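Participant: just need the structure, nothing else, for what follows:
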Amino acid sequence: MGLHLKMRGLLGSTVAGLCMATMAMAEGYKEAPALAEMVAAGKLPPVDERLPAEPMVLETLDSIGEYGGTLRRAILGGGDQHNIVRLISNENLVRWSADWATLHPNIAESYDVSEDATTFMFNLRAGMKWSDGAPFTVDDIMFWAEVFNDERLTKSQHPNFVGPKGPVKVTKIDETTVEFKFEEPNGLFLQNMAYGFGYYVVNYPAHYLKQFHADYNSDVQALVDAEPVASDWVSLFNLKAGPMHTPLFWQNVDRPTLHPWHLSTAYGASDRVVAERNPYYFKVDADGQQLPYIDRVTWDQVEDPESILLKAFNGEIDYMARHIGRASNLAALTDNKDRGQYGFYQVGDITASQAALMLNLNNPDPVKNEIVNTFEFRKALSHAIDRQEIIDLVYLGVGRPVQTSPHPLSPVFNEEWSTQHAEFDVDLANTLLDGVGLDKRDSDGFRIGPDGERFTLVFLVADVFGFQFPDVMEIVAEQAKEVGLDIQVRATDRSRLQEVAGSAEHDGYIWNCPGGLVDAYSNPDCYLPRPNVVYWAPKWAAWGADPSTGEEPPAHIKALFEAYSGVTSSADPVAQEAALKSLIDQATSQLLTIGIRQVDGAFGIARNNLRNYPDPMPIAGQLWTPAPYTAQYYFEGGDNLK
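Facilitator: Presented below is the predicted three-dimensional model:
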């Protein structure tokens, strides 16, 4: 299932599509039959009043679609919110093309960037509306900026919006024009606005959220008293304005959005999450039909990935790669594809390492912290891992042993980064461990730490993405035992893992590393401590975002921040590439994370009558696909296969 770097049907000519769209608009916009019935009944304004003055014409991936049907998926409990995020959200000011090649306007009708990459001007679509019909204007972005700069509400500012000399300055030019200005060049800002965390600026509906803000509602205490889990107005506001990449966002069905579908049943409220068509969605196809084509999306909540697999066999999954696109499932999915009436599509899920060990380099235990921060210890652990055995046993031979590093398809690939200290060598691992003060063992053969106690590391593991992390971690623990290391594996769910790891209360965990392709420029999360993504040094990450917080790192970690500043502060691609290579070279030479496996992509399943989905579908840590293209998915025949 290797990734072929071309699009099925390609994207067609944007110019030709716009010409066709212009002719279609002259004949009037069209809408879903269910919405037309609501208009006729006086329950909804006409479609031309719901759309902005200049709707975004979404380029057709394959063919003009037809309305109807329910897209069915499945979701796990306890932190699987990205199952929703990646499918129906990711509507930012700008977007990547469906083949991840170029940037295009999205919520913004157009944009301008200064030559020195310090000033970014976005022109919004006049007449655009939230999912409840309220106007979406620059005032909503200004409200986000107010919250972003309010220390009561934002304890840690996202690095996408902070430059070396402080946070971005946001200025309202008029009702549809907003300016973002940095004190120094920010050569990656536009790309970052198209990636996942660009969502922040367009997900703060002021007309809804101001009621929970004490500066705008003098009676906010009444709302606090009515909410059992809120202790004051700040906790109430953060509850109602929870970030989109957290469960809080998807547990509040009252919060308006700009997404193609809007939740009518909250995540975790029942055994099925339901999202209904947004009648105010701002995109149309080339024939002037308002998107989305599909009526609704549902996620049945299940206990484990195996349950999702059974639903796929039974024809109850219409489109999905998450949790089931693993090599060990391919044979069973192939055997049952006629019964389930589905086919396969390719997923370009190319990471720096699909499974990587994340030791907590800010461990609260001083003994453990000193040892894991010793390079020779991390090198020993790396040499103790038989990566090929893991690949053969867990992934049926699919993949190659690597350290965390760019993929061979990356323009900055370096084979030395990929292979250094990755050889399975028990003798070398033992020698290195003896040399870092772990030369004594107890009666069970486990190494004793400097404090006289058995040296034990507890790794958290969540069964996510279909990457079989629990199986991998159990094998790693057995292999580590051969060199006297006691690694305990503690199963948890994603939400709890991120809560514990984000607070630096863990010894380590296993996760995947972004940065395998060009996403390394914007998402170097395994090469540099960064907040809110991976947690191998949460306190250093906090310091990197704001030196008044977190914990000041040692010189060799500060050097990583300095190297990355060469990427973000330049508008010159040559200088950016040189700075990125310097960052990765320093990071990989330190084994800050320990990579295990890299692949050329994965796969997903799609019902036989589903159309207009990208194949292959590029995906990365912050490339939250298939959104924003799912609005044009449709069922040939107007409904699911029965």
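
Participant: residue 489: neighbour count?
Facilitator: 18 (other CB atoms under 10 Å). For glycine as for every other residue, the C-beta is placed from the backbone atoms N, C-alpha and C.

Participant: in three-state terms, label residue 249 for me.
Facilitator: helix (DSSP: H, G, I helix; E, B strand; the rest coil).

Participant: okay, and the closest residue to it other than its chain neighbours sits in which element?
Facilitator: Ranked by CB to CB, 6 or more residues apart in numbering and with sequence neighbours excluded, the top spatial neighbour of residue 249 is residue 242, at 4.8 Å. For residue 242, there is no enclosing helix or strand under DSSP states H and E.

Participant: surely residue 242 is in contact with residue 248?
Facilitator: Yes: Residue 242 lies in contact with residue 248 (CB atoms under 8 Å); the separation is 2.5 Å.

Participant: for the residue nearest to residue 249, give its distance to residue 167.
Facilitator: Distance of residue 242 to residue 167, given as CB to CB, to the nearest Å: 21 Å.

Participant: again with residue 250
Facilitator: 27 Å.

Participant: contacts for the helix ranked longest in the chain, please.
Facilitator: Using DSSP state H, we find that the single longest helix of the chain is helix 573-590. Under the criterion CB atoms under 8 Å, 6 or more residues apart in numbering, residues 187-188, 375, 378, 403-406, 411-412, 414, 417, 420, 515, 520-521, 524, 526-528, 556, 559-560, 563-567, 570 lie in contact with helix 573-590.

Participant: mind giving me the ChimeraX select for the residues you listed, buried ones only?
Facilitator: Typed into ChimeraX, the line below selects the buried ones among the contacts of helix 573-590, using 16 or more other CB atoms under 10 Å:
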select :187,188,378,403,404,405,406,412,414,417,420,515,520,521,524,526,527,528,559,560,563,564,566,567,570
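
Participant: hang on, the earlier thing: out of residue 250 and residue 167, which sits in the busier spot?
Facilitator: The residue with more neighbours, out of residue 250 and residue 167, is residue 250; 28 against 17, by other CB under 10 Å.

Participant: residue 538 touches residue 505, doesn't it?
Facilitator: No: look at residue 538 against residue 505 with CB under 8 Å: they stay out of range, at 9.2 Å.

Participant: neighbour-wise, which of those two wins?
Facilitator: Between residue 538 and residue 505, counted using other CB under 10 Å, the more crowded position is residue 538 (24 against 15).

Participant: give the full set of residues in contact with that one.
Facilitator: Residues in contact with residue 538 (CB under 8 Å, 6+ apart) are 360, 362, 501, 502, 503, 504, 529, 531, 550.

Participant: wasn't residue 430 part of a strand?
Facilitator: No: counting by three-state DSSP, residue 430 is not part of a strand but helix.

Participant: which pLDDT does the model give it?
Facilitator: We have a pLDDT of 98 for residue 430.

Participant: got the contact list for it?
Facilitator: 380, 483, 484.

Participant: okay, the residues you listed in CSV with pLDDT and neighbour count next?
Facilitator: Formatted as CSV, the contacts of residue 430 follow (pLDDT from 0 to 100; neighbours: other CB atoms under 10 Å):
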residue, pLDDT, neighbour count
380, 98, 25
483, 98, 23
484, 98, 23
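
Participant: these in helices, which ones?
Facilitator: Those of these lying in helices (DSSP H): residue 380.

Participant: what about residue 370, neighbour count?
Facilitator: Neighbours of residue 370 under the rule other CB under 10 Å: 15.

Participant: ignore the last one, residue 443
Facilitator: When neighbours are counted by other CB under 10 Å, residue 443 registers 5.

Participant: give me the distance between it and residue 32.
Facilitator: Per CB to CB, residue 443 is found 71 Å from residue 32.

Participant: could you do residue 279 as well?
Facilitator: Counting by CB to CB - residue 279 and residue 32 are separated by 8 Å.

Participant: equivalent analysis for residue 61, please.
Facilitator: For residue 61 relative to residue 32 (CB to CB), the value is 19 Å.

Participant: kindly report the same for residue 385.
Facilitator: Residue 385 is 53 Å from residue 32, by CB to CB.

Participant: again, but for residue 542
Facilitator: Counting by CB to CB, the gap from residue 542 to residue 32 is 46 Å.

Participant: with residue 482 instead?
Facilitator: With CB to CB as the criterion, residue 482 and residue 32 are 61 Å apart.

Participant: the two: which is more packed in?
Facilitator: Higher neighbour count among residue 482 and residue 32: residue 32, with 21 against 13, using other CB under 10 Å.

Participant: now do the contacts for the nearest residue to that one once chain neighbours are set aside.
Facilitator: Using CB to CB, 6+ apart and skipping residues adjacent in sequence, the residue nearest residue 32 is residue 67, 4.5 Å away. Taking CB under 8 Å, 6+ apart, we find residue 67 in contact with 32, 33, 289, 293, 294, 295, 634, 638.
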